[in-house]
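Trainee: Sequence plus the predicted model coming up.
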Amino acid sequence: MLCVNLSVAVDQRPPLDVAEIPMSKKVAQVIVETLQAAGVKNCYGIVGDTLNTFATSLNASDIKFVHMRHEEAGAYAAQAEALLMDRLTAMAGSCGPGSLHFINGLYEANRNRAPVILIASQVVRRELGFNFIQEVNFEDVYRGCTVFCEMILTPEQALRKTVMACQAAISKRGAAVLILPVDIADSDAVSEPPFRVHVNKPVIRPSEEDLDRIAAMLAEGTNITIYAGSGCVNAHDEVVELARRLKAPVAHTSRGKDQIEYDNPNNVGMTGVIGTESGYHAILNCDTLLLLGTDFAWRQFYPDHAKIIQVDIDSTHVGRRHPVDLGVVGNIKDTLKALLPRVAQREDAAFLNTYVERHKKALKAQAARAAPGPRGKIPGQYLTSIINRLANQDAVFTADDGTPLVWMLRIVEANGKRRLFGSLLHGTMATSVGNAIGLQQAQPGRQVIALAGDGGFSMLLGDVLTTIQAKLPIKIAVYDNGKLGFVELEQKGEGLLPVYTDLLNPDFGKVAQAMGLWGRTVSKAEELEGAVAEWLGQPGPALLNVKVEPMELVMPPHTAPENVYGMAMYSIKAVMHGQAGDVFEMISENI
């Protein structure tokens, strides 16, 4: 009888309004609130069962979730946004395979010093250590590509560990991974001390004594060259002024191009395999080399007999590529501001003028090569020159590793407004579209152009759909040469016949149309300029597939004897194997 009465009492209660249900804050919400307070605007990833509570909390916040088709592309997008905007950017994945897919992009981000954070959801804690389905030891997996990797073990750790992860990504400039077991995400939050993320930019420069030593070494030098890298971000004016006083040519790395090339009368271009002869020789022939914010890896491009001074924000970079005579730690802008009053104006400009003139000749030669090929063929250099000319003055470019990246760095003009992105430290394929998604998401009104290789483009083809779903009007140009072009060049340079480099491609223009975006394929040089203008003029995402010349060579600034020998051996082998036509075509297209 008692049970019946209680049942009736319950049944007669009016329905409870959802708003009246007492809801405690979940740990997932604490994490999201901390990310938002740390400046995160966008989070890239794919949802899954262990991420559902986090995703629900994210949906209730001001952070926008960008639904990707592949997590690797999401990592590229996050790191590109972080680099362009200089702010913490997030990504999130489900347990096991979902979060594993981010790893290549995390290596890319960490090597680029991009402040990003991955929320890697995990299986419930009680199953950890028992080889549970989709269980992965993320600490072991991500140890080599992060500045922070920790698991939240209890709700009491949630706020503090999230703050630690954000702080590490921002202050150490790299990738942080926060592992979030699903049962922790679903747990009620607990009261914690008010930990918070501190975003600050300290002044970092050498001591007065070290600045005096740098100034004295520069005063002793006769032929001084400055070699500037990506660490010169925001230090353009200081670098140019120092070069003016020293009458020093300024060579730059590929990653330093958009920071240093423009409005710089002392610019002599890049060095390295994809650089120009003027930059190459200006460094090799100097007696004093000043390295500013560069960790350029190839020792053969450093001078053997010059005194070398290196300034870098990271002490582990000092002297690790080539022995230096003086290495100091400092932010380039802060360091040069303190150094300039110690540097006197020079008058002798003979050394400078030699390489500035040499660079002008190199630019003219490059412009001459960027022309239509015989019989209406389209060299990749010609395509890039037209895109460079017709693109907006503040366009952002991103290129796939390989020949599209080489042509972007050699041909696209930096002007202080444009930015250039490529996988120049990690050297991975397929970054251009992912990068473009993050760049466009970060700055919706800006023109974003992806220069994609046919191999890289097809590798992560699915995220072209993200441009439609997220309404991102990026412009994709596919350099369709039907092969892994740069790999083939490497094989030929080693005297080998190319193997496993051919690609059987569909008509990517029609593929784009089937996906729902503007698409067109061009194979004749006389149609190219009109097609590029039409492509760039589209209001939404658009893809221009260009059948570029497959025999086009990338000529280095200096041809080593082993490369000449290797190319000769390739030519002999090709003729002997009945491929003489390829050799003759290569010669006619490039010589």
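Mentor: Here it is on my side, so go on.

Trainee: low pLDDT regions in the stretch 351-500 of the chain?
Mentor: In the predicted model, the stretch 351-500 of the chain carries pLDDT under 70 at residues 492-493.

Trainee: and V66, which of the three is it?
Mentor: strand (DSSP: H, G, I helix; E, B strand; the rest coil).

Trainee: separation between S278 and Q366?
Mentor: Using C-beta to C-beta, to the nearest Å, S278 is found at 11 Å from Q366. To be clear about C-beta, it is placed using only N, CA and C from the backbone, and glycine gets the same treatment.

Trainee: more neighbours, these two?
Mentor: S278 (26 against 17; other C-beta atoms under 10 Å).

Trainee: Thought M270 was touching the more buried one, still the case?
Mentor: No. At 9.3 Å, S278 does not count as touching M270 under the criterion of C-beta atoms under 8 Å.

Trainee: Now the common contact residues for the two.
Mentor: A251 (C-beta atoms under 8 Å, 6 or more residues apart in numbering).

Trainee: can you map out the strands along the stretch 251-400 of the chain?
Mentor: Taking DSSP state E, counting those that start in this stretch as the criterion, the stretch 251-400 of the chain carries its strands at 267-270, 288-292, 307-312, 326-329, 396-399.

Trainee: Make TSV out of the ones you listed and add mean neighbour count.
Mentor: Output for those, formatted as TSV (neighbours: other C-beta atoms under 10 Å):
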stretch	mean neighbour count
strand 267-270	26
strand 288-292	26
strand 307-312	23
strand 326-329	19
strand 396-399	29
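
Trainee: Same list (those strands) but as a markdown table, adding distance to T53.
Mentor: Below are those laid out as a markdown table (distance: least, C-beta to C-beta, whole Å):
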| stretch | distance to T53 |
| --- | --- |
| strand 267-270 | 48 |
| strand 288-292 | 47 |
| strand 307-312 | 42 |
| strand 326-329 | 43 |
| strand 396-399 | 34 |
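
Trainee: among these, which is nearest V478?
Mentor: Using C-beta to C-beta as the measure, strand 396-399 is the one of the strands of the stretch 251-400 of the chain that comes nearest V478, at 11.7 Å.

Trainee: Please pull up the helix or strand immediately following the closest one.
Mentor: Per DSSP states H and E, the first helix or strand lying C-terminal to strand 396-399 is helix 403-411.

Trainee: helices or strands up against that following helix?
Mentor: Secondary-structure packing of helix 403-411 (3 or more C-beta pairs under 8 Å, 6 or more residues apart in numbering; DSSP states H and E): helix 380-390, strand 396-399, strand 419-422, strand 448-453, helix 485-493.

Trainee: Y76 versus L439, what's the distance?
Mentor: For L439 relative to Y76 (C-beta to C-beta), the value is 10 Å.

Trainee: Show me which of these two is the more surrounded one.
Mentor: More neighbours surround Y76 than the other of L439 and Y76, with 34 against 27 (other C-beta under 10 Å).

Trainee: these two touch, right, that one and N435?
Mentor: Yes. Taking C-beta under 8 Å as the contact criterion, Y76 and N435 are neighbours in contact, 5.1 Å apart.

Trainee: Which one of the strands of the stretch 251-400 of the chain lies nearest to A450?
Mentor: Once the strands of the stretch 251-400 of the chain are compared by C-beta to C-beta, strand 396-399 is nearest, at 5.3 Å.

Trainee: In CSV, could you pull the C-alpha coordinates for the closest one?
Mentor: Extracted in CSV, the C-alpha atoms of strand 396-399 (Å, rounded to 0.1, in the frame of the first residue of the first chain):
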residue,chain,number,x,y,z
VAL,A,396,48.3,34.4,-48.3
PHE,A,397,50.0,31.5,-50.1
THR,A,398,50.6,28.0,-49.1
ALA,A,399,52.4,25.3,-51.2
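
Trainee: Other residues contacting it?
Mentor: 80, 84, 391, 405, 407-409, 412, 418-422, 431-432, 435-436, 439, 443, 446-452.

Trainee: for stretch 146-166, same thing?
Mentor: With contact meaning C-beta under 8 Å, 6+ apart, stretch 146-166 is reached by 27, 30-31, 34-35, 38, 88, 106, 110, 117, 122, 125, 138-139, 142-143, 168-169, 172-181, 184, 187-190, 192-193, 195-197.

Trainee: what do you get for stretch 106-113?
Mentor: For stretch 106-113, the external contacting residues (C-beta under 8 Å, 6+ apart) are 75-76, 78-79, 82-83, 116, 118, 142, 144-147, 173-175, 177, 423, 425-426, 428, 431.

Trainee: Right, I'll call it a day here.
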